[in-house]
Every structure is written in C-alpha cells, then in structure tokens.
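Colleague: Here is my input, please return the structure:
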Amino acid sequence: MLVVATTNFPEALDEALIDRADLVVRLTLPDADARAAIVAGALRRLAAAWPGLAELADDESLHRAVADATAGWDGRQLSKLPLRALAADPTRVADRAELHAGHLLAAVGAVGEGVW
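Modeller: Residues are numbered from 1 along each chain as shown. The predicted model follows:
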C-alpha cells in the first residue's frame, strides 16, 4: 500500500503518524528564484489563453520584483496571484489585457495585509 500525504502545517501532525512512515520528505518554501519562476509560469499559462498578457509573462524584472516581495509564500499562493490581481477589479476580468505590473504588486500587498 502506498499512501501519499501533504501538509503545509507539519507541526499539526501527530509524531506517531510521522514515526510510522517509511519515508518523510520535508520541502522548504520556494526561494526567490523559484518564486520568480512560479509567477512567470502562472502568467505564461494565462497568456496562452489571453495573448494580451504576454508582455507580463515575459517581464523578468516584474517576476523578480514579485519574488522579492513574497518571501515566505508557498507555490499555491504564488501561482494564484495573477488570478487574484485580475479578480480585484471587474473591469480586469472583462478585459484581461488591462492587467498591469502594478496590479500584480498591489495584489501582493493585499495578500500581505490579509485582504484576500
């Protein structure tokens, strides 16, 4: 039998459960390079559907700025950031080409302030 489990809160796991596992792999949060790559990938996936976002998907300085502002974020939070930036304003949802670098950075701040 193979059981695979994941958690972002390992401290909540019972030590007896961990002791019974044959293999425990602990991963750290992504570093700045990985955070930039995750954001770039999320933007590229959106740009594949909405070509108006291609400029953001190719903007390495933006990816680095977002990475620098998101220390401590996990991959899920990072990959959803462009969608959060789009959802913050109904006009952006209607016209995705209206998404700009400032919107992504504002979404970072909103998450940090607990708005999301």
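
Colleague: can you dump the C-alpha coordinates of stretch 79-94 into CSV?
Modeller: The C-alpha trace of stretch 79-94 is given here as CSV (Å, rounded to 0.1, in the frame of the first residue of the first chain):
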residue,chain,number,x,y,z
SER,A,79,0.5,30.6,-8.8
LYS,A,80,-2.9,32.2,-7.9
LEU,A,81,-1.5,35.7,-7.6
PRO,A,82,-2.3,36.7,-11.2
LEU,A,83,-5.9,35.5,-10.8
ARG,A,84,-6.2,37.5,-7.6
ALA,A,85,-4.9,40.6,-9.4
LEU,A,86,-7.5,40.0,-12.1
ALA,A,87,-10.3,39.4,-9.7
ALA,A,88,-9.6,42.6,-7.7
ASP,A,89,-11.3,44.7,-10.4
PRO,A,90,-14.3,43.6,-12.5
THR,A,91,-13.0,45.6,-15.5
ARG,A,92,-9.9,43.5,-15.5
VAL,A,93,-11.9,40.3,-15.5
ALA,A,94,-13.8,41.6,-18.6
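
Colleague: what does that stretch contact?
Modeller: The contact list for stretch 79-94 (C-beta atoms under 8 Å, 6 or more residues apart in numbering) reads 38-39, 41-43, 46, 53, 56, 66, 70, 96, 98-99, 103-104, 106-108, 110-111, 116. Glycine gets a C-beta too; all of them are placed from N, C-alpha and C.

Colleague: in this structure, which residue is closest to the centre?
Modeller: residue 78 (0.9 Å; C-alpha atoms, centre = their mean).

Colleague: what residues are up against it?
Modeller: Going by C-beta under 8 Å, 6+ apart, residue 78 touches 30, 35, 38, 39, 42, 66, 70.

Colleague: quick one: what helix or strand has the fifth one in it?
Modeller: Right, the one you point to is residue 42. helix 32-49 (DSSP states H and E).

Colleague: That helix - contacts with which helices or strands?
Modeller: On a contact count with 3 or more C-beta pairs under 8 Å, 6 or more residues apart in numbering; DSSP states H and E, helix 32-49 meets helix 54-57, helix 60-69, helix 75-87.
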